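> Sequence and predicted structure are below.
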Amino acid sequence: MRGMVRSVLVAMLTLVGALLAAFTWSMSTTAILTSAPVALIMGGTGTPDPDQQPGYIPNVQTYYIDQFSSCTFAAACDPISVHTPEQFWPVFGGPSALTFDQSVAQGVIDLDGVLHTEMNSADPPSKIVIFGYSQSGTITTLELRNLQANPATAPPAGQLEAVIIGDPNRPNGGILARAPGLVIPILGVTFSGPIPTDTGYRVTDISFQYDGISDTPQYPIDLLADLNALAGYVYEHSSYPSNNPYGYTPDQLIAAMNDPANQEQYNANTLFVTIPAKNLPVLQPIRDLATSIGVGFLATPILDLLQPTLRTLVELGYDRTIPYGQPTTIGLIPLVNPVTLGLSLVGSAFAGVGAALNDVVGELAPAATTPAPATTNSPIDNLNLAVNKMNTNVASAQTPNINLLSPKQTQLTSTSPSTLTPKKPEKQNLVRASSDFSPHATKPKETSTSSSTTTTKAAATATPTVADTTPAASTKTDATKATSKTNPQSASTADASH
């Protein structure tokens, strides 16, 4: 009898133990699947401890990590400050500092150690996001290569992500990707080549246009582009985590980055985001000086007059038709069609005149949140648009409108900008004016022609072309008399960024 009771008790205890084990395993599995994601945040050169830089971690989380990773406002990541040397002898760290290569090598060890500590913890995070900036972007590049070469110890593709800003290893634009294998012994700098885009991990690479570290000219023979990139390093590269990233408010920056026109998907998992520069960095010292001595109101129209033409010349140092994810090394001489270049310079000159008049007369409408993406207008279209901008500003000063291009365009019914009669451009693309040089202007878009107009993507949102007109005694009379017939025209297309 006792033996039977004992057997029953043992059976019951075994059953309870099995149920408890199953419950514990279930809870453990649930914890693994639902634990909060983490962000491994590194600083840039000169910032070994992100915690010690006021505002750094909150800003990079809000601007970049929350926008382009599994870390969102709804599922916020726990930030982990990853300490790396971030030295660069002899500038950052003093005479006893590590060289760039030594600093990066130690940084890879530090990052890898924190990564595997999180992966192997009792409660591993569901997502791990690596954040790199400048030098730590190179650390991220080398870590991704190591993980790709050692899949047995690497996290699964769905668990790891990376967000990089100001990346020296951007395949097309990163300074360390322009000449892979090049070594500068005295500084201890090795050009380590492009970041891999085929690891299977989600990677987002973010850069300002003209940042000298992540948007380096392809053709160094363009000295103006080189100077502009150097100024971009000074003014743009350090501003990514600031409260006012190179002329953008935080809201404007987020809107610009999320604009599809500023994004380029490469392969399945790599996204390149290029933020248009509102102004050429090479002109920024003059703007700052003029503002400091109280003559900014005089300098701004002059600089805006020159800027479109200078931008055209700067863009000769780049080939924007090549994807940012395609490894692209230094070129010798850009291939430039002198005819298209000349037409582009003419269009740029008119755009500059319009911008200068706009500064003098003042805006009639609120300024755009971000610089407009590139269009594929022809030089004639760009001239029309530039003249239209001038006419709009002049009209606001009660001055008769003028048209320097075609006396047979659609007439105005009034000198007021609000009553312009729109007319779409009639010519196909030949070349972009400098105001159209966006970092996302890759290949010209296809256009469709009809019996009266040629429509481009840019024409759909462009300012109406201003027609030749003289002050009219009666708006109704002008509208009655206005008749215009146009013939379709065509022109060959070419990329002005060469």
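Now that the structure is in, tell me what you want to look at.

> So for stretch 245-262, mean pLDDT?
Mean pLDDT, computed over stretch 245-262, is 96.

> Repeat that for stretch 57-70.
95.

> How about it, which residues are buried there?
57, 59-61, 63-70 (16 or more other Cβ atoms under 10 Å). For every residue, glycine as well, the C-beta is placed using N, CA and C.

> need the strands for this structure, in chain order.
Assigned by DSSP state E, the chain shows strands spanning 38-41, 78-81, 128-133, 160-165, 183-184, 189-190, 202-208, 263-266, 270-275, 448-449, 454-455.

> mind listing what the fourth one pairs with, with the direction of each?
The one in question is strand 160-165. strand 128-133 (parallel), strand 202-208 (parallel) (DSSP bridges).

> Now that strand - C-alpha only, CSV.
Extracted in CSV, the C-alpha atoms of strand 160-165 (Å, rounded to 0.1, in the frame of the first residue of the first chain):
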residue,chain,number,x,y,z
LEU,A,160,21.7,43.1,-36.7
GLU,A,161,21.4,46.5,-38.4
ALA,A,162,23.7,49.5,-38.9
VAL,A,163,23.2,53.2,-39.4
ILE,A,164,26.2,55.3,-40.5
ILE,A,165,26.6,59.0,-41.0
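
> Also compute the angle for it relative to strand 270-275, please.
If you take axes from the mean of the first three to the mean of the last three Cα atoms, to 10 degrees, strand 160-165 sits at 20 degrees to strand 270-275.

> contact partners of strand 160-165?
Here strand 160-165 makes contact (Cβ atoms under 8 Å, 6 or more residues apart in numbering) with 60, 64-65, 68-70, 115, 127-134, 137, 140, 144, 147, 154, 195, 201-207, 240-241.

> Where does the prediction get shaky in the stretch 201-350 of the chain?
Counting by pLDDT under 70, the stretch 201-350 of the chain contains no low-confidence range.

> Nearest to Pro90, out of the strands paired with strand 160-165?
strand 128-133 (21.5 Å; Cβ to Cβ).

> what does the closest one contact?
With Cβ under 8 Å, 6+ apart, strand 128-133 has contacts from 37-44, 47, 60, 64-65, 69-71, 77, 111, 115, 118-119, 138-140, 143, 155, 159-167, 240-241.

> all helices in the stretch 51-200 of the chain, in order from the N-terminus.
With helices called from DSSP state H, counting those that start in this stretch, the stretch 51-200 of the chain shows them at 56-60, 100-119, 135-149.

> Identify the residues contacting the nearest residue to Leu142 once chain neighbours are set aside.
Using Cβ to Cβ, 6 or more residues apart in numbering and skipping the chain neighbours, the partner closest in space to Leu142 is Val108 (5.0 Å). Neighbouring residues of Val108 by Cβ under 8 Å, 6+ apart: 139, 142-143, 146.

> So for Val108, what's the pLDDT?
Confidence score, pLDDT, at Val108: 98.

> How about exporting stretch 36-52 as CSV, limited to the C-alpha atoms?
Output of stretch 36-52 as CSV, limited to C-alpha atoms (Å, rounded to 0.1, in the frame of the first residue of the first chain):
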residue,chain,number,x,y,z
ALA,A,36,13.9,45.5,-26.1
PRO,A,37,16.3,46.3,-29.0
VAL,A,38,19.6,48.1,-28.2
ALA,A,39,21.6,50.6,-30.1
LEU,A,40,25.4,50.4,-29.9
ILE,A,41,26.4,54.1,-30.3
MET,A,42,29.9,55.1,-31.1
GLY,A,43,31.3,58.6,-31.4
GLY,A,44,33.3,60.2,-34.2
THR,A,45,36.9,61.2,-34.3
GLY,A,46,37.7,63.1,-31.1
THR,A,47,34.6,61.7,-29.3
PRO,A,48,35.7,58.4,-27.6
ASP,A,49,32.9,58.4,-25.1
PRO,A,50,29.5,59.5,-26.6
ASP,A,51,28.1,59.9,-23.1
GLN,A,52,30.5,62.8,-22.5
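
> now the buried residues of stretch 57-70 in CSV, with distance to Ala256?
Below are these laid out as CSV (distance: Cβ to Cβ, whole Å):
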residue, distance to Ala256
Ile57, 22
Asn59, 16
Val60, 16
Gln61, 18
Tyr63, 11
Tyr64, 12
Ile65, 17
Asp66, 15
Gln67, 11
Phe68, 13
Ser69, 18
Ser70, 22
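
> For Gly354, state which of those is nearest.
Tyr63 (32.1 Å).

> so the closest one touches Ala255, yeah?
No: taking contacts as Cβ atoms under 8 Å, Tyr63 lies outside contact range of Ala255: 11.5 Å.

> so how many other residues sit close to the closest residue to Phe92 other than its chain neighbours?
Closest residue in space to Phe92, ignoring its immediate chain neighbours: Gly46 at 4.6 Å, by Cβ to Cβ, 6+ apart. Counted with other Cβ atoms under 10 Å, residues neighbouring Gly46 total 15.

> let's have the chain start at 614 instead
Understood, numbering begins at 614; the last thing we discussed is Gly659.

> residues contacting Gly659?
699, 701, 705.

> May I have the residues that are in contact with the first one?
If I follow you right, that is Glu699. 655-661, 705, 716, 720, 748-749.
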